[in-house]
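Peer 1: Below: sequence and its predicted model.
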Amino acid sequence: METILEATIRDTFGKNEARRTRREGRVPGVLYGAAGNAGRTEAKPIAVEPKALLKILHSESGANTLISLKLAGEGDTRVLVKAYQLDPITHQVLHADFYRIAMDRAIQVTIPVTVKGEPKGVKQQGGILEFIRREIEIECLPADIPEHVEIDVSELMLHQGIRVREIAIDAKWKPLSDPDMMIVHVIAPKAEEVAAPAEVVAAPTVAVEPEVIKKGKKEEDAEAKEEKKK
């Protein structure tokens, strides 16, 4: 997926400049990577529209969305979101970093894992499907970044799982995560009810003992009174 994002060049770096950019209703950012034919690496302060950026970050591909950055005075350049910072209260984007990419060079990205189907170990054996990892790292060309990797868990029985090496590989990308890394597995439910009977049995034992002692004391007092009368 590719989308367009317009940007302008900021005057300088620094916190004061970033605050001024936010007051003007834009998100301060930095564009990293090689620029022009010279191939020199640079960091350039830029500003983007918050609504447009949030729309990209909230899309299914999220930070892996291929962006055509329209930078005033420089034309279009392909970028990805490298990092971004959100306000903990308002959840507005406070800052974003972008990096230039070459469309003919493979890059490394982290993509989410989704599942399809219901495991037999859940339907027939009462197990629970547990996620161990929800993301894996892959390598691919920028234009081939998948939104997610889908794995079929329908045939999983109790105590069975799927590892990275068992994922159906696409010709357009290859996994970089540890091949033996477990992604999902079916586990047995925890026996939470085992402790309950022990508590029920123990309670009467504690309660009965004082009653027996108390009853015995009354009988002893009554016998003592009878002895005095005699």
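Peer 2: Looks like it arrived, so ask away. Numbering: from 1, shown residues only.
Peer 1: residues near the closest residue to Ile132 other than its chain neighbours, how many?
Peer 2: Counting by Cβ to Cβ, 6 or more residues apart in numbering, Met182 is the residue found nearest to Ile132 once chain neighbours are left out, at 4.6 Å. For the C-beta atoms, the positions are set from N, CA and C on the backbone; glycine is no exception. As a burial measure, Met182 scores 15 neighbours (other Cβ atoms under 10 Å).
Peer 1: Likewise for Phe13?
Peer 2: Phe13, neighbours per other Cβ under 10 Å, totals 13.
Peer 1: Surely it forms part of a strand?
Peer 2: No: secondary structure of Phe13 (DSSP: H, G, I helix; E, B strand; the rest coil): coil, not part of a strand.
Peer 1: tell me the contacts of the nearest residue to it once chain neighbours are set aside?
Peer 2: Sequence neighbours aside, Pro45 is the residue nearest to Phe13 in space, at 5.2 Å (criterion: Cβ to Cβ, 6+ apart). Residues in contact with Pro45 (Cβ atoms under 8 Å, 6 or more residues apart in numbering) are Ile9, Arg10, Asp11, Thr12, Phe13, Glu17, Pro28, Gly29, Val30, Leu31.
Peer 1: same deal with Thr65?
Peer 2: So Thr65 contacts Met1, Glu2, Thr3, Ile56, Ser59, Leu80, Val81 (Cβ under 8 Å, 6+ apart).
Peer 1: Make TSV from these and add secondary structure to it.
Peer 2: Shown next, in TSV, are the contacts of Thr65 (three-state DSSP):
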residue	secondary structure
Met1	coil
Glu2	strand
Thr3	strand
Ile56	helix
Ser59	coil
Leu80	strand
Val81	strand
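Peer 1: Counting neighbours, which of those comes out on top?
Peer 2: Most crowded among these, counting by other Cβ under 10 Å, is Ile56 at 22 neighbours.
Peer 1: residues touching it, list them.
Peer 2: Ile56 neighbours (Cβ under 8 Å, 6+ apart): Thr3, Leu5, Gly62, Thr65, Ile67, Val81.
Peer 1: what do you get if the cut-off is 6 Å, keeping everything else the same?
Peer 2: Thr3, Thr65 (Cβ atoms under 6 Å, 6 or more residues apart in numbering).
Peer 1: how near is it to Leu71?
Peer 2: 16 Å (Cβ to Cβ, to the nearest Å).
Peer 1: How about Ile136?
Peer 2: 32 Å.
Peer 1: try Ile4
Peer 2: Applying Cβ to Cβ to Ile4 and Leu71 gives a distance of 12 Å.
Peer 1: go on, Glu17?
Peer 2: 17 Å.
Peer 1: Looking at these two, which one has more neighbours?
Peer 2: Leu71 (20 against 15).
Peer 1: quick revisit: of the contacts of Pro45, just the buried ones, ChimeraX syntax please.
Peer 2: A single ChimeraX command selects the buried members of these (16 or more other Cβ atoms under 10 Å):
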select :10,28,29,30,31
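Peer 1: okay if I get the contacts of Pro45 as CSV plus pLDDT and distance to Val122?
Peer 2: Shown next, in CSV, are those (pLDDT from 0 to 100; distance: Cβ to Cβ, whole Å):
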residue, pLDDT, distance to Val122
Ile9, 91, 54
Arg10, 91, 53
Asp11, 83, 58
Thr12, 86, 57
Phe13, 87, 53
Glu17, 89, 54
Pro28, 96, 47
Gly29, 95, 44
Val30, 95, 46
Leu31, 94, 47
